[in-house]
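Q: Okay, structure incoming, though there's no sequence with it:
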């Protein structure tokens, strides 16, 4: 088993070492500070969820789905809720850092753990590039409000600047007139410094904010906690203010029709709405910094998800009630609707709060990535330096610095389009494996469960049969088309066929083994959202996974702690299940 790529961590040995104070079962040394409680974890979850989504992408989603977009927030929350319950189960039973990476190591084995750890880089590090770019736009709008104007070539990436310039040139060549955006594009490109014939364009504010956030996460979890809590209190107050004041300007006539483009229109906003929710799992990476991880982590995850869902639904209803949904295709919908009803002072205040909101998202994501690398380093799948804890600040200092570099440098020259889709794939992939992993965990007796979070068992046999029959009926045309034209099907349809086979297999397995319905639905709901992500993003995802697997077999496979682990490391369940 030691030579198998599916070698697993012993759940019981991890628990035993955790109780004895040995971090992750891989040695002592400097420990992380245990300072986080339920409130801190809930705030971190809110900080990760209430960010660019509520201040930006909700507008595009509402444009496609109309007032019915509120239903999509419910659907997405239910999907994330299944995954959150599964995360909470793992966090209660495995109170160590590493999030889905560590959970997969226990449930599936080393190769799957590596794959999910590599995929999580897309969620945290690559995702933060997108957030930093969005932050830069909000920050520049704030500066303009104070009549401070930075050069355009310091505010964007080279590709976006070039495309905008060429588009403006094409408009002029056709005899058209340039709007404000076109004139700004021309000015940005023409005023940029030229070195060696190349126009020098970069996003300076995005780079600077990542450096500042990296410094805060470097000097300590306590400082990060205080900063996060302050920003969360501020932005929740802003969101509540928007809901209350906006309620006075709601016209119920704007809610008719509720589904102007049908439910298909609502589903067009899946990627934008789901992107708003990613990151609630980031708090699971802080397990070793919780005062009582088994009790507090599950509560923090679930509380934050419920609070954010309620806020998003109310915001969606207020936005679509204040102005017609067809006007919401804007980058700053909250500020726009108040400007639209002649309340510009609130719109400006919202623009300022968007800077705070996205800063808190950056902070939580920058906390998450280093702790995943720390866990991978402890298992010797990455060099030992990634697991080093700073003797003074009690943080994974080397991983934090590397994360800062990986995020900060690309923000100077990368655009956010494809990055958003890759982030969603990485996140949903993690959700699928965590939900499926719960099905493979050994059962605990009543004494072991007491005092910990445990997903309530609901026999999924008959529920899955009904849902499977409904799936076959609703998607009968698409299934028939894929089967009949398989050779001519594109990647998107092949992914749908794979999802159909997964649904069939899980339904049969649930009927035979009587699986609990919550983790099964967590797998299926997240898997469906996965296949709806554009095919081009999947191609890049496969490339990314190929690079990751090459690194694993070249470096991690031979050095893995479990490769040389003694058989005695597997402690019988009965020996400690009542610890």
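A: Looks like it arrived, so ask away. As the structure is a computational prediction, the values presented were derived from the model and not from experiment. Numbering: from 1, shown residues only.

Q: Give me the outermost residue of the chain relative to its centroid.
A: In the chain, residue 175 marks the outermost C-alpha relative to the chain mean, sitting 44.4 Å out by CA atoms, centre = their mean.

Q: contacts for stretch 536-547?
A: 115, 118, 119, 122, 418, 421, 422, 424, 425, 426, 491, 495 (CB atoms under 8 Å, 6 or more residues apart in numbering). No exception for glycine: its C-beta is placed from N, CA and C like everyone else's.

Q: residues in contact with the spatially closest residue to the fourth one that is not a sequence neighbour?
A: Pointing back at residue 122 there. Distances taken as CB to CB, 6 or more residues apart in numbering place residue 426 nearest to residue 122, at 2.9 Å, with adjacent residues excluded. The neighbourhood of residue 426, defined by CB under 8 Å, 6+ apart, consists of 119, 120, 121, 122, 123, 126, 127, 541.

Q: Return the distance of residue 426 relative to residue 340.
A: Taking CB to CB, to the nearest Å as the measure, residue 426 falls 36 Å from residue 340.

Q: mind listing the helices for the stretch 1-150 of the chain?
A: In chain order, the stretch 1-150 of the chain shows helices spanning 11-19, 38-49, 52, 58-65, 69-93, 100-107, 110-121, 127-145, with DSSP state H, counting those that start in this stretch as the criterion.

Q: Just tell me which of these ends up closest to residue 335.
A: helix 127-145 (8.4 Å; CB to CB).

Q: Next secondary structure element downstream of the closest one?
A: Moving toward the C-terminus from helix 127-145, the next helix or strand (DSSP states H and E) is helix 158-173.

Q: Identify each buried residue in the next helix or strand after that next one, please.
A: Moving toward the C-terminus from helix 158-173, the first helix or strand encountered (DSSP H and E) is helix 180-191. Taking 16 or more other CB atoms under 10 Å as the basis for neighbour counts, the residues of helix 180-191 that come out buried are 182, 184, 185, 186, 188, 189.

Q: for stretch 459-473, same thing?
A: With burial defined by 16+ other CB under 10 Å, the residues of stretch 459-473 counted as buried are 460, 464, 467, 468, 471.

Q: I'd like the buried residues of helix 180-191 as CSV, with distance to residue 502 appended.
A: Shown next, in CSV, are the buried residues of helix 180-191 (distance: CB to CB, whole Å):
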residue, distance to residue 502
182, 47
184, 47
185, 45
186, 50
188, 47
189, 48
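
Q: out of the residues you listed, who's nearest residue 356?
A: Ranked by distance to residue 356 (CB to CB), the buried residues of helix 180-191 are led by residue 184 at 25.7 Å.

Q: pretty sure that closest one contacts residue 152?
A: Yes. Look at residue 184 against residue 152 with CB atoms under 8 Å: they come within range, at 6.1 Å.

Q: Pull up the overlap in contacts between those two.
A: Counting by CB under 8 Å, 6+ apart, no residue touches both residue 184 and residue 152.

Q: where along the stretch 451-579 of the chain do the helices fall?
A: 461-474, 476-484, 491-513, 517-531, 535-551, 557-559, 573-576.

Q: Return the list of helices and strands in contact with the first one.
A: In terms of contacts (3 or more CB pairs under 8 Å, 6 or more residues apart in numbering; DSSP states H and E), helix 461-474 is packed against helix 491-513, helix 517-531.

Q: Highest mean neighbour count out of these?
A: Each of the helices and strands packed on helix 461-474 was given a mean neighbour count from mean count of other CB atoms under 10 Å, and the largest, a mean of 23, is that of helix 517-531.

Q: Show me what that helix is in contact with.
A: Outside of helix 517-531, the residues within contact range by CB under 8 Å, 6+ apart are 78-79, 82-83, 85-86, 270, 274, 424-425, 428-429, 431-432, 434-436, 438-439, 455-456, 458-460, 463-464, 492, 495-496, 498-499, 502-503, 506, 510.
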